[in-house]
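# This is a predicted model, with the sequence first.
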Amino acid sequence: MEKLLEGFRKFRSTYYRAHRHTYRTLAQQGQAPRAMVIACVDSRIDPQMMLDAELGEIIVVRNVANLVPPFTPDGGFHGTSAALEFAVRLLNVAHVIVLGHAGCGGIAALLADPRETDDDFISTWMATIRAARTRALALVEAGRGDLQRLCEQEGIRSSVTNLSSFPWVRERVAAGALTLHGWYFEIETGDLFSLGADGEFQPI
Ligand SMILES: [Zn+2]
């Protein structure tokens, strides 16, 4: 913990000091990020760092396995949907990026025989993309490659599809005001792949 506090003191005396005018402007005028990134909680993934984003440039929501659940107006506790609503309807972001990654622990949990109990939050959350697991297993049967990687990428496809289940996302995409993206980051090599219109991931 002392190392983290020392890190904050360093941040205050260096980065914050250098950017204090930007902080003050953003505090007084509010934020206007152009893009939202939906990333995993994984400690090896840092969208701000990866994209060299300026202060206030991107809004980030992180959850286990960077999932977007389908539009489900049932009065439940939908943290990711609330963040999406905030970014799209209030901040009017122009891009929403689902950023998945290799070696995802959430996807590994989905691939392990899922346990279904009410107090197991991870398996309940990962059941959001249960269909991605089924599709990935079928792709492995067809000799398309590694199950973990295929499921991670199927998860991104599912989340991008689920984005369009939100009516105000769909409207903005149709109007050309919002673009949806699916990205896959290979931690070990640093390569980034983008989901194309053909449904395949291509290197960026
Ligand atoms: Zn992950």
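Ah, there it is. Residues are numbered from 1 along each chain as shown.
# CA only for contacts and neighbour counts going forward, please
OK.
# Enumerate the residues of this protein near the ion.
The chain comes close to the ion at residues 40, 65, 104, as judged by CA under 5 Å from the ion.
# Now do the same contact list for the first one.
Shown here is Cys40, whose contacts under the criterion CA atoms under 8 Å, 6 or more residues apart in numbering are 62-67, 99-101.
# One more pass at 7 Å, please.
Listed by CA atoms under 7 Å, 6 or more residues apart in numbering, the contact partners of Cys40 are 62-66, 100.
# try the last one
Contacts were defined as CA under 7 Å, 6+ apart; by that measure Cys104 touches Ala65.
# Phi and psi next, for it.
phi -80, psi 120 (degrees, to the nearest 10).
# pLDDT value on it, please?
pLDDT, Cys104: 98.
# Model confidence for the closest residue in space to Leu91 that isn't next to it in sequence, exactly?
Excluding its sequence neighbours, the residue lying closest to Leu91 (CA to CA, 6 or more residues apart in numbering) is Ala32, at 6.2 Å. pLDDT for Ala32: 97.
# Could you do Tyr15 as well?
Looking at Tyr15, its pLDDT stands at 96.
# on that earlier part again, ok, so of the residues of the chain next to the ion, who is nearest Glu154?
Nearest to Glu154 among these: Ala65, at 11.5 Å, using CA to CA.
# All set now, cheers.
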